[in-house]
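Chemist: Show me how the following folds:
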Amino acid sequence: MNNKSNNKNNLKDSEILGKVLFTEEVIQKRVGEIGQSITEDYDGEDILLISVLRGGIIFLTDLIRAVDLTLSIDFMSISTYGFEDSATGVVRITKDLEDPIENKNVIIVEDIIDTGLTISYLLRNLKARYPKSLDICTLIDRDVRRLADIDIKYKGFTVGEKYIVGYGLDYKQKYRNLKSIYELKTHLVKKDIESIKLDSTYQGT
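Modeler: Sure thing, here's the model as predicted:
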């Protein structure tokens, strides 16, 4: 008879996971603070929060419960082709918004912003739809790799040249369900990281 308690395939036991950078408690505290800031900044207004699939949805679901305002949510999905660290990549919207955003207070909610090239494209695209206001909120800001000049109104944490997973952030579409954010052991995933750099759907927005 197999003893499941001896199973070493637990999520947090993965050999590629390094140290915890941000614990569940720290994340939830910061999300609450961001939600309070949004509540104060948009007092008396309705807001629309747009999540870019897939990584941002966990952050979004916690964030909206920390905002004490009437709000609605919508989703977009994008694909990028080319190098994430150059301006030559092509961005394509694979899932557009369900409803118009004209004359609405819009906040784009991201899990992580890296070079800023993809979010710059989204800003241009959404500004052309005449929102009342348009701001950016990201859980993680990796500004050491920034190429585009963008203004992030709300940010949770700043990281340097670290590859991270958990709380929506993935490694090969896995580990999003970790409650804390972990650093990857780069020496174990070096080859994968080099190939992932060609695909900015991984932490490249």
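Chemist: CA atoms for contacts and neighbours, from now on please.
Modeler: Will do.
Chemist: same for the biggest strand by length in the chain, what does it pack against?
Modeler: Assignment by DSSP state E gives strand 71-81 as the longest strand of the chain. Applying 3 or more Cα pairs under 8 Å, 6 or more residues apart in numbering; DSSP states H and E, one finds that strand 71-81 contacts strand 47-53, strand 90-95.
Chemist: averaging pLDDT over each of those, which comes out lowest?
Modeler: Of all the helices and strands packed on strand 71-81, the minimum mean pLDDT falls on strand 90-95 (a mean of 86).
Chemist: now Tyr154, nearest residue through space, not along the chain?
Modeler: Using Cα to Cα, 6 or more residues apart in numbering and skipping the chain neighbours, the partner closest in space to Tyr154 is Cys137 (4.5 Å).
Chemist: For the one you found, grab the count of nearby residues.
Modeler: Counted with other Cα atoms under 10 Å, the neighbours of Cys137 add up to 25.
Chemist: Could you pull up the residues touching it?
Modeler: Ile107, Ile108, Val109, Glu110, Ile152, Lys153, Tyr154, Lys155 (Cα atoms under 8 Å, 6 or more residues apart in numbering).
Chemist: Next, format these as a markdown table and append secondary structure and neighbour count.
Modeler: Converted to a markdown table, these look like this (DSSP: H, G, I helix; E, B strand; the rest coil; neighbours: other Cα atoms under 10 Å):
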| residue | secondary structure | neighbour count |
| --- | --- | --- |
| Ile107 | strand | 21 |
| Ile108 | strand | 25 |
| Val109 | strand | 26 |
| Glu110 | strand | 26 |
| Ile152 | coil | 13 |
| Lys153 | coil | 13 |
| Tyr154 | strand | 20 |
| Lys155 | strand | 20 |
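Chemist: of these, closest to Ile64?
Modeler: Lowest distance from Ile64 to the contacts of Cys137 (Cα to Cα) belongs to Val109, with 10.4 Å.
Chemist: Quick check: bridge partners of that closest one?
Modeler: The residues listed as beta-bridge partners of Val109 by DSSP bridges are Ser51, Cys137.
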